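Asks: Fold the stuff below for me.
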Amino acid sequence: MKLGWHAGNTGPFTNNDWALMRALPPQMLVFLPHYALSAQAMTPEEISKVIKLYPHCDFFVRPYMDPRIFVAEGIGCLNRFSDAICDMIKSYLSVIPADQFRLQIFNEQNMPERLTFETGFEGFGCSVAAIAKFNTWYNTLFDSIKQSYPDIPIGWSPLAPGNGDVWFKGDPTVAHYMHGVSGCHDDLTTAQRLEAQQASLCYQALERSEGHFSHAYIHAGPDAWKQVWHGLRFERELLFHTPNRQAWITEGGFPTEFHMNLPWAENSLVEWLRLLKQRKTVAGIAFWMLGKTQWGEVWKGKVKLAERIASLFQREEVDESAIIARAHASVLPYNPNAALSAAGIQQGLVVASGEIPFVSSSGSPYLQQSFRDPTDDSILKTAYVPVGRWNEIVWITHSN
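Replies: The predicted model follows:
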């Protein structure tokens, strides 16, 4: 599971940002690019500072356009949006390797449509008409960008938690972005899940998207990190987004400086990451967010926390069950209470073989076992004993 950051959107990287990145080096970075339709602080020059220090970092590029343009101009604005995005991609590919570049073209599309910034919303809404409209817009923009950049992955645009994203018990039985009405049930069979997925009004957009991007926040309470409708909400989304079995959490953690400084917040974040690492349903998570923003300085004074998180992931993730299986197949069987093993231990010897059964010339069953002498690696000591007469051990010393 990769760890990283969502860059701030009001200025270049701060001293605190760089300290956080030193403590927790970014394996992924989400940012709003500077381009024709949106002046942002994360210019190619600013991003080049990150790539020089962290050359293997993946970049999730999220171009922003004033939603009032969407509302005022309708789908016709997508031509200009696409042209601007393609110019932006060209610009940033001068500093970001192509195989480390991922694109997000919309954001929280299930939030209400707005005309002004004062309302605080900038989505399509969550009605049937809104979901169908988003499907058309996503596919139109997807196709247009792919004509120029067919190899740049375009992920599923992350949904805001709630507001018609995916159904949980107690929610209205209506069409959601991730599924149709038939998905509004628990314990769906595989066939029922696929049917509900295909009934989504934006099924086409879901199926062609290249990676599942999601937002996950755990500020609702001390236990929100382990609740399926909060910290694990994205797993419900994944049920309806085959073949995706892992999510990229492009905004994760706590939404504001206030929430980040609640007395239980740091421990909750660490426990959440432990759980996600264990469940293996997350490909990467970008912590919200760096910088000084309208949400405060979320990670102000949190370098020690970043170091604590980094320490959880210092070892490379490996399949420990496979390691155990290989160990069982290769290690020597050892029973310290068996007669031969006990005799060897008593003499200060090291086990060199398992117990090997054999039959004497008269047909009597025997066991033999070999040992190494830690003071002389040129010899082996092999003991043998008739089965059942454990006090009759005989030792042979021979060359190694």
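
Asks: Give me the residues contacting the helix or strand encompassing Q147.
Replies: If you go by DSSP states H and E, Q147 is part of helix 128-148. Contact with helix 128-148 is made by 75, 78-79, 81-82, 85-86, 89, 103, 105-106, 109-110, 113, 123-124, 152, 154, 157, 164, 174-177, 200-205, 208-209, as judged by C-beta atoms under 8 Å, 6 or more residues apart in numbering. Just so you know, the C-beta spots here come from the backbone N, C-alpha and C atoms, and that holds for glycine as well.

Asks: Out of those residues, which end up buried?
Replies: Among these, those scoring as buried are 78, 81-82, 85-86, 89, 103, 105-106, 109-110, 113, 123-124, 152, 154, 157, 164, 175-177, 200-203, 205, 209 (criterion: 16 or more other C-beta atoms under 10 Å).

Asks: The longest strand seen in the chain - contacts with which helices or strands?
Replies: Longest strand in the chain, counting residues (DSSP state E): strand 376-386. Strand 376-386 sits against helix 339-346, strand 365-373, strand 394-399, with contacts defined as 3 or more C-beta pairs under 8 Å, 6 or more residues apart in numbering; DSSP states H and E.

Asks: Convert it to CSV, retaining C-alpha atoms only.
Replies: The C-alpha atoms that make up strand 376-386 are tabulated as CSV, following Å, rounded to 0.1, in the frame of the first residue of the first chain:
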residue,chain,number,x,y,z
ASP,A,376,34.4,-28.5,14.9
ASP,A,377,32.7,-28.1,11.5
SER,A,378,34.8,-30.9,9.9
ILE,A,379,32.7,-33.7,11.6
LEU,A,380,29.2,-34.9,12.0
LYS,A,381,27.9,-37.0,14.9
THR,A,382,25.1,-39.4,14.1
ALA,A,383,23.1,-41.2,16.8
TYR,A,384,21.0,-44.3,16.3
VAL,A,385,18.7,-46.2,18.7
PRO,A,386,16.3,-49.1,18.6
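
Asks: Give me the mean pLDDT for that strand.
Replies: Here strand 376-386 scores 92 as its mean pLDDT.

Asks: care to break this protein down by domain?
Replies: Following the assignment in automatic domain parsing, the chain carries domains at 2-322, 333-399.

Asks: quick one: the helix or strand of the chain with the lowest mean pLDDT to chain centroid distance?
Replies: Every helix and strand in the chain was compared by mean pLDDT, DSSP states H and E; the lowest is helix 320-330, with a mean of 73. In this view, helix 320-330 has its centroid 26 Å away from the chain centroid, taken as C-alpha atoms, centre = their mean, to the nearest Å.

Asks: now stretch 92-109
Replies: From the chain centre to the centre of stretch 92-109 is a distance of 18 Å (C-alpha atoms, centre = their mean).

Asks: what comes up buried for it?
Replies: Neighbour-count burial for stretch 92-109, with 16+ other C-beta under 10 Å as criterion, is recorded at Y92, V95, I96, F101, R102, L103, Q104, I105, F106, N107, E108, Q109.

Asks: now the end-to-end length of it.
Replies: 25 Å (C-alpha to C-alpha, to the nearest Å).

Asks: All the strands of this structure, residue numbers only.
Replies: 2-6, 28-31, 58-61, 101-103, 212-217, 247-253, 282-288, 350-351, 356-359, 365-373, 376-386, 394-399.

Asks: Just name the most buried of these.
Replies: Ranked by mean neighbour count under mean count of other C-beta atoms under 10 Å, those are led by strand 247-253, which reaches a mean of 27.

Asks: Strand partners (parallel or antiparallel) of that one?
Replies: strand 212-217 (parallel), strand 282-288 (parallel) (DSSP bridges).

Asks: and the angle from that strand to strand 2-6?
Replies: 50 degrees (axes from the mean of the first three to the mean of the last three C-alpha atoms, to 10 degrees).

Asks: same question for strand 247-253, mean pLDDT?
Replies: Mean per-residue pLDDT for strand 247-253: 97.

Asks: So what touches it?
Replies: 6, 28, 30, 60, 62, 102, 104, 155, 158, 211-218, 234-235, 237-238, 260, 269, 281-289, 298.

Asks: Can you pull out the low-pLDDT segments for the stretch 1-150 of the chain?
Replies: 114-121 (pLDDT under 70).

Asks: hey, where'd the helices end up in this protein?
Replies: 15-23, 44-53, 67-73, 78-92, 128-148, 190-198, 203-208, 233-239, 257-260, 265-279, 303-312, 320-330, 339-346 (DSSP state H).

Asks: most tightly surrounded among those?
Replies: The highest mean neighbour count among the helices of the chain, using mean count of other C-beta under 10 Å, belongs to helix 233-239: a mean of 21.
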